[in-house]
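K.L.:
Here is my input; please provide its structure:
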Amino acid sequence: MNNIFTQLEQSGLTGRGGAGFPTFKKWQLFDEALKSAGAGVADAGAGAEGARGYIICNAAEGEPEVSKDFFILDNYPEVVIGGIKLALKTFPGTQAIIYINPDYFEHFEKKLAGLIKNLPIALFKKPHGYIAGEETTLLEAIEGNYLMPRQRPPYPIESGLWGYPTLINNVETLWAAEKISRGEYKNTRFYTIGGEVTRPGNYELSEMLTIKQVLEQTGNFPDFEFFVQGGGGASGEIFLDSELDQVLKGAGSLVIFNRATTDPWKLMLKWVEFYGGGNCGKCVPCREGFYRLREMLKTPVSADNQSAAVELVKKLALNLRQTSFCPLGRSGYGPLMSLLEKIILK
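P.N.:
Numbering: from 1, shown residues only. Have a look, this model is predicted:
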């Protein structure tokens, strides 16, 4: 057990779902939570499914232009299952669930079931809706409850599925953990490249490459004036072509936009409609903020009303970041404000 913790720490692996939390630390915290809960588990019996803790492979991937988890499950399913088996071995008495995008479920159910066989790993088809991929909302989904995020703390690592310690890792994180345990990890990550490029798709490259290097090495560096959305197809930040000498963070996606042909207000509307259609409606800032942005952006923004539109976006985006209950609403701030400041007001 200690060996895999050491291997994870030495690898420098961070979570590939977007948050970037050190994986070794997350596994250590889960181990500590299992030990702390041990007496209570012994007194109360096992969890709702007969386990003292749970491991969830989050394959909910739902942002536009992001498909690396699909690519990994399509090409390396045995490595992902190996990563889950590694976690099950590291934490005896736990059970695992692959929480999977509904479209992916239909595509991979038979293949994954064949690899799982008699292992304590279940497949769970994620409900439709972006919010269903949020880590506490997915717990509600598995428990059969209404799709709303939970208050944190407590965090899932302490009190997650049915109140038991729960380790939630992204598909790529578990793929990497298995590679690390085999001594095969080369400090790579997966990138999804899309938009106005000649060679769209998914690529495994060094995690230390800059955005510029990723585009160059994949033959996707544009020959026109462009900007990039990096890290997510809705939550990703905007980078100008002069800001590409930095390492990509987040979900590992790069979407290229032609500055001459892209209407930034229509792009903003696309994001707002995605967020507005994907939230749970629980909190006013997220529910009303995206609704008001959508209503405003439905009317073309012209030179006459741009100033008012800019001020409204600024106010609502800041409100989303400061007061939204869960990360869905807060994640809207980055793309909205970076598009506004770097493209619209440039």
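K.L.:
Surely residue 256 is within a helix?
P.N.:
No - Residue 256: not assigned to a helix; according to DSSP: H, G, I helix; E, B strand; the rest coil it is strand.
K.L.:
Low-confidence stretches in the protein?
P.N.:
Across the chain, the ranges flagged by pLDDT under 70 are 1-2, 39-50.
K.L.:
Got phi/psi on the residue lying farthest from the centre of it?
P.N.:
Farthest-out residue of the chain from its mean C-alpha position, per Cα atoms, centre = their mean: residue 304, at 38.2 Å. With angles defined as degrees, to the nearest 10, residue 304 sits at phi -70, psi -30.
K.L.:
Could you list the domains of the chain?
P.N.:
2-182, 188-258, 264-344 (automatic domain parsing).
K.L.:
Please report the distance of the residue farthest from the centre of the chain from residue 118.
P.N.:
With distances taken as Cβ to Cβ, to the nearest Å, residue 304 is found 67 Å from residue 118. C-beta here means a position set from N, CA and C on the backbone, and glycine is covered the same way.
K.L.:
what's near enough to touch the closest residue to residue 343 other than its chain neighbours?
P.N.:
In this structure, residue 343 finds its nearest non-sequential neighbour in residue 264, 4.8 Å apart by Cβ to Cβ, 6 or more residues apart in numbering. Residue 264 sits next to 339, 343, 344 when contact means Cβ atoms under 8 Å, 6 or more residues apart in numbering.
K.L.:
Would you enumerate the residues in contact with the residue farthest from the centre of the chain?
P.N.:
Per Cβ under 8 Å, 6+ apart, neighbours of residue 304: none.
K.L.:
Relative to residue 344, how far out is it?
P.N.:
In terms of Cβ to Cβ, residue 304 sits 15 Å off from residue 344.
K.L.:
same check, this time on residue 165
P.N.:
Taking Cβ to Cβ, one finds residue 165 at 45 Å from residue 344.
K.L.:
Neighbour count for those two, which is higher?
P.N.:
Under the criterion of other Cβ atoms under 10 Å, the comparison of residue 165 against residue 344 puts residue 165 first, with 31 against 16.
K.L.:
Which ones among the contacts of residue 264 map onto strands?
P.N.:
When the contacts of residue 264 are checked against strands (DSSP state E), there are no matches.
K.L.:
Please narrow these to those residing in helices.
P.N.:
residue 339 (DSSP state H).
K.L.:
wait, which of the contacts of residue 264 is closest to residue 219?
P.N.:
Residue 219 has its nearest neighbour among the contacts of residue 264 in residue 343, at 25.2 Å by Cβ to Cβ.
K.L.:
show me the contacts for the closest one.
P.N.:
Contacts of residue 343 (Cβ under 8 Å, 6+ apart): 227, 238, 259, 264.
K.L.:
repeat for residue 119
P.N.:
Residue 119 touches 81, 84, 85, 88, 96, counting by Cβ under 8 Å, 6+ apart.
K.L.:
List the contacts of the residue nearest the centre of the chain.
P.N.:
Nearest to the mean C-alpha position of the chain, counting by Cα atoms, centre = their mean, stands residue 17 at 3.7 Å. Counting by Cβ under 8 Å, 6+ apart, residue 17 touches 58, 169, 170, 172, 173, 251.
K.L.:
How about residue 115?
P.N.:
77, 78, 81.
K.L.:
wait, doesn't the first one sit right on residue 111?
P.N.:
The one in question is residue 77. Yes - under the criterion of Cβ atoms under 8 Å, residue 77 makes contact with residue 111 at 5.7 Å.
K.L.:
more neighbours, these two?
P.N.:
Legend: neighbour count by other Cβ under 10 Å for residue 77 and residue 111, higher for residue 77 (18 against 14).
K.L.:
Return the residues in contact with that one.
P.N.:
Contacts of residue 77 by Cβ under 8 Å, 6+ apart are 108, 111, 112, 115.
K.L.:
Thanks a lot, see you next time.
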